[in-house]
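1. I would like the atomic coordinates for the input below:
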Amino acid sequence: MGIISLLVQVNQQYYKIICELLLFIAKFIPLRQWAYDELHSPKYQKFTTDKLPVIKKFEKQDYLFLIEYYLWRYKKTIKPVVRRGECLISPKTVCPRCGATHEYIYDNNGGKGQLRCKVCEFKFAVGDYNAKSLVLLCPYCSRSLSPKKDRKCFTVHKCVNLKCSFYLYNVQKLPNDLPDNERYKYKLHYLYREFSINFFDMDIRKLPSWATSFKFRKNSEHIVGLCLTYNVNLGLSLRKTAQALKDIHNINISHQMVANYAKTAAVLIKPFVDSFDYKPSNNLAADETYIKIKGLKGYVWLIMDTVSRSILGYNVSQSRDVGSCILAMRLAFDKFVTFPNKLLTFVADGYSVYQLAAQQFFLKNNWNFNVTQVIGLTNDDAVSKEFRPFKQKIERLNRTFKFSYRHTCGYNSPDGADLSVVLWVAYYNFLRPHELHYSKRPLNIVPDFQLADNMPAKWQILIKLGQSAIAYTNIVR
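-> So this is what the prediction gives:
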């Protein structure tokens, strides 16, 4: 009994110490800032994406009808404005919304240029007024957004209201010792990017005019299959592929001919790769990686199904902008028969273009889905801990692509980079034995491959299937 009572006293002392430590932590250590310290810092706000603005449509009305309706509804008549002094409004002035004459228009801000219609309560400026079909309003204070910057493919709109709740909240988060001349380094006002290019009208499956046949003048289809096997499957360069064909098969072919075969095969295989029924799940992961195009930095966007491991969307671009991200996401979302909307789990890193692309899909197609951002390399928050496996799969896919890309030392043209990625995606999805199936079969089964007993024959079948997809597309159009 003496030992048990001693242990109870020790446990009580430890309990008091733990309570004191918890009280100290609660008072002096802000636990909420541990998980998202960078995200809550004002200097990182410029990398975040604000929610969509309120879109107000400009609709034409008839002031005579409004006067009659007001009389019927409220039993009162809208009388013309009673002037108490000299009228400075031109007799030619009419309301751009309802067409009311100048008798129903009065000065709204003491001669500073703003007029107001008494019939429809519409405010407009003195002089010529070009009515906009859409007016963008701040979702926090309902003020009109002002265009501030014109970029290559979008216009930045800004809420300049100093009493906006969004602005006041961000001002409170600024450091207390921050000088006024350094406030520009932080994002304080609400911003919205209005894109001037419609990325949804672009044909993501456009083919060149010469990509309808595959004619051989000197070599056979088997030699083309050998070229693709050595170049894509084994990762040999063009010159090493030509040397291997000469040393192993006694086939004398130039490295430029190997490049021509690969280019034509990529164009023909692409329609089959893009139109194949992958039966995608609702779990997708996206990421971008670096490549070299003409010695300059380029980017490859990859979107994969984390369940089947198939690559659903891809794109090669010379800039890391939202347009390239949208094109890759369009190619991936076209695989869905019915878009899952909120059921879709889309995992990406902290780059803001994925959030901007999701906003554009909601505006254009009314597709509502959330982008889950896994930030950093460690699981410092619950979101990263739950979705880290999705991010690891897409990062592993990037390393697999870089292994096949390394022998090229970069690409000579954007078209060459695009077609090379198409061949690699076709190899990864249909020819490469994957560890998911214990390296016994590829990710997707093509029934026609049962007629092929070697890899060059499978490449020939892929080319024929691509030609069939091109012919079917032309018939549908």
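2. is it fair to say Ser439 lies in a helix?
-> No. The assignment for Ser439 (DSSP: H, G, I helix; E, B strand; the rest coil) gives coil, which keeps it out of a helix.
3. residues in contact with the nearest residue to it once chain neighbours are set aside?
-> Closest residue to Ser439 apart from its sequence neighbours, by C-beta to C-beta, 6 or more residues apart in numbering: Pro433 at 4.5 Å. C-beta here means a position set from N, CA and C on the backbone, and glycine is covered the same way. Contact analysis of Pro433 by C-beta atoms under 8 Å, 6 or more residues apart in numbering lists Ser439, Lys440, Arg441, Pro442.
4. Please name every helix or strand in contact with the longest helix along the chain.
-> In the chain, assigned by DSSP state H, the helix with the most residues is helix 2-28. Contact partners of helix 2-28 among helices and strands, from 3 or more C-beta pairs under 8 Å, 6 or more residues apart in numbering; DSSP states H and E: none.
5. avg pLDDT for it?
-> Averaging pLDDT along helix 2-28 gives 81.
6. from now on call the first residue 247
-> Shifting the count to begin at 247 puts that one at helix 248-274.
7. Centre of the chain to that helix, how far?
-> With C-alpha atoms, centre = their mean, to the nearest Å as the basis, helix 248-274 stands 52 Å off its chain's centre.
8. Check what pLDDT the closest residue to Ser563 other than its chain neighbours gets.
-> In this structure, Ser563 finds its nearest non-sequential neighbour in Ser570, 3.5 Å apart by C-beta to C-beta, 6+ apart. Note on Ser570: pLDDT of 91.
9. what about Ser570, which helix or strand?
-> helix 568-579 (DSSP states H and E).
10. how many neighbours does the nearest residue to Leu590 once chain neighbours are set aside have?
-> For Leu590, ignoring the flanking residues on the chain, the nearest one in space by C-beta to C-beta, 6+ apart is Phe615 at 4.3 Å. Neighbours of Phe615 under the rule other C-beta atoms under 10 Å: 19.
11. Confirm Phe615 sits in a strand?
-> No. Counting by three-state DSSP, Phe615 is not found in a strand; it is coil.
12. Show residues contacting stretch 488-508.
-> If you take C-beta under 8 Å, 6+ apart as the criterion, stretch 488-508 is touched by 465, 469-470, 472-474, 476-478, 482, 484-485, 487, 665-666, 669.
13. let's go with 10 Å and repeat that
-> Applying C-beta atoms under 10 Å, 6 or more residues apart in numbering, the contact partners of stretch 488-508 are 460, 462, 464-466, 468-478, 480, 482-487, 658, 662, 665-666, 668-669.
14. So which of those belong to helices?
-> 468-474, 484-487, 662, 665-666, 668-669.
15. Selection in PyMOL covering whichever of the contacts of Pro679 are buried, please.
-> To isolate the buried ones among the contacts of Pro679 in PyMOL, judged by 16 or more other C-beta atoms under 10 Å, type:
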select buried, resi 688
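16. For Lys538, state which of the contacts of Pro679 is nearest.
-> Pro688 (28.7 Å; C-beta to C-beta).
17. Report the separation between that closest one and Cys399.
-> Distance of Pro688 to Cys399, computed by C-beta to C-beta, to the nearest Å: 38 Å.
18. What segments of the stretch 447-596 of the chain are helices?
-> 467-474, 484-495, 501-521, 568-579 (DSSP state H, counting those that start in this stretch).
19. what's the burial count for Tyr597?
-> By other C-beta under 10 Å, neighbour count at Tyr597 equals 18.
20. in terms of contact, does Cys363 touch Ile335 like I think?
-> No. Distance between Cys363 and Ile335: 11.3 Å, which falls outside the contact criterion (C-beta atoms under 10 Å).
21. Now the common contact residues for those two.
-> Val327, Ile351, Tyr352.
22. which one of these is nearest Ile450?
-> Nearest to Ile450 among the shared contacts of Cys363 and Ile335, with distances taken as C-beta to C-beta, is Ile351, at 50.1 Å.
23. List the residues that contact the closest one.
-> By C-beta under 10 Å, 6+ apart, the contact list for Ile351 reads 326-327, 333, 335-336, 339-341, 361-365, 368, 370.
24. Now stretch 406-413: average pLDDT?
-> 92.
25. In that stretch, which residues are buried?
-> In stretch 406-413, counting by 16+ other C-beta under 10 Å, buried: Asn407, Cys410, Phe412, Tyr413.
26. Extract the C-alpha set from that stretch and format it as PDB.
-> What follows is stretch 406-413, C-alpha atoms only, in PDB (Å, rounded to 0.1, in the frame of the first residue of the first chain):
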ATOM      1  CA  VAL A 406      -9.900  50.500 -54.200                       C
ATOM      2  CA  ASN A 407     -12.400  51.000 -51.400                       C
ATOM      3  CA  LEU A 408     -10.400  51.800 -48.200                       C
ATOM      4  CA  LYS A 409     -13.400  50.700 -46.000                       C
ATOM      5  CA  CYS A 410     -13.600  47.300 -47.600                       C
ATOM      6  CA  SER A 411     -13.700  44.500 -45.000                       C
ATOM      7  CA  PHE A 412     -11.100  42.500 -46.900                       C
ATOM      8  CA  TYR A 413      -8.700  45.500 -47.000                       C
END
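27. Mind picking the two most distant members of the ones in helices among the contacts of stretch 488-508?
-> Of all pairs drawn from the ones in helices among the contacts of stretch 488-508, the one with the longest distance (C-beta to C-beta) is His468 and Gly662, at 24.4 Å.
28. of the two, who's got more company?
-> More crowded of His468 and Gly662, by other C-beta under 10 Å: Gly662, with 19 against 15.
29. any idea how far the residue nearest to Ser685 is from Lys648?
-> Distance, Pro679 to Lys648, by C-beta to C-beta: 20 Å.
30. Can I get the shared contacts of Cys363 and Ile335 in TSV including pLDDT?
-> Converted to TSV, the shared contacts of Cys363 and Ile335 look like this (pLDDT from 0 to 100):
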residue	pLDDT
Val327	89
Ile351	89
Tyr352	87
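31. Now flag whichever of the residues you listed is closest to Pro702.
-> Ile351 (79.5 Å).
32. For Ile301, state which of the contacts of Pro679 is nearest.
-> Distances from Ile301 to the contacts of Pro679, taken by C-beta to C-beta, are shortest for Pro688, at 46.0 Å.
33. Tally up the residues packed near the closest residue to Val519 other than its chain neighbours, please.
-> Distances taken as C-beta to C-beta, 6+ apart place Ala672 nearest to Val519, at 5.0 Å, with adjacent residues excluded. Ala672 has 25 neighbouring residues, counting by other C-beta under 10 Å.
34. what sits against Ala672?
-> 474, 478, 511-512, 515-516, 518-519, 522, 557, 678, 705, 708-709, 712.
35. one more time with 8 Å, if that's ok
-> Applying C-beta under 8 Å, 6+ apart, the residues near Ala672 are Ile515, Phe518, Val519, Leu708.
36. Per-residue pLDDT of the residue nearest to Ala488 when sequence neighbours are not counted, please?
-> Nearest residue to Ala488, sequence neighbours excluded (C-beta to C-beta, 6+ apart): His501, at 4.4 Å. Looking at His501, its pLDDT is 91.
37. what's the distance between His501 and Ala574?
-> Distance from His501 to Ala574, by C-beta to C-beta: 30 Å.
38. between the two, which one's more packed in?
-> Ala574 (25 against 16).
39. how near is that one to Leu665?
-> 16 Å.
40. Next secondary structure after the strand or helix carrying Val402?
-> Per DSSP H and E: Val402 is located in strand 400-404. Toward the C-terminal end, the helix or strand that comes next after strand 400-404 (DSSP H and E) is helix 411-418.
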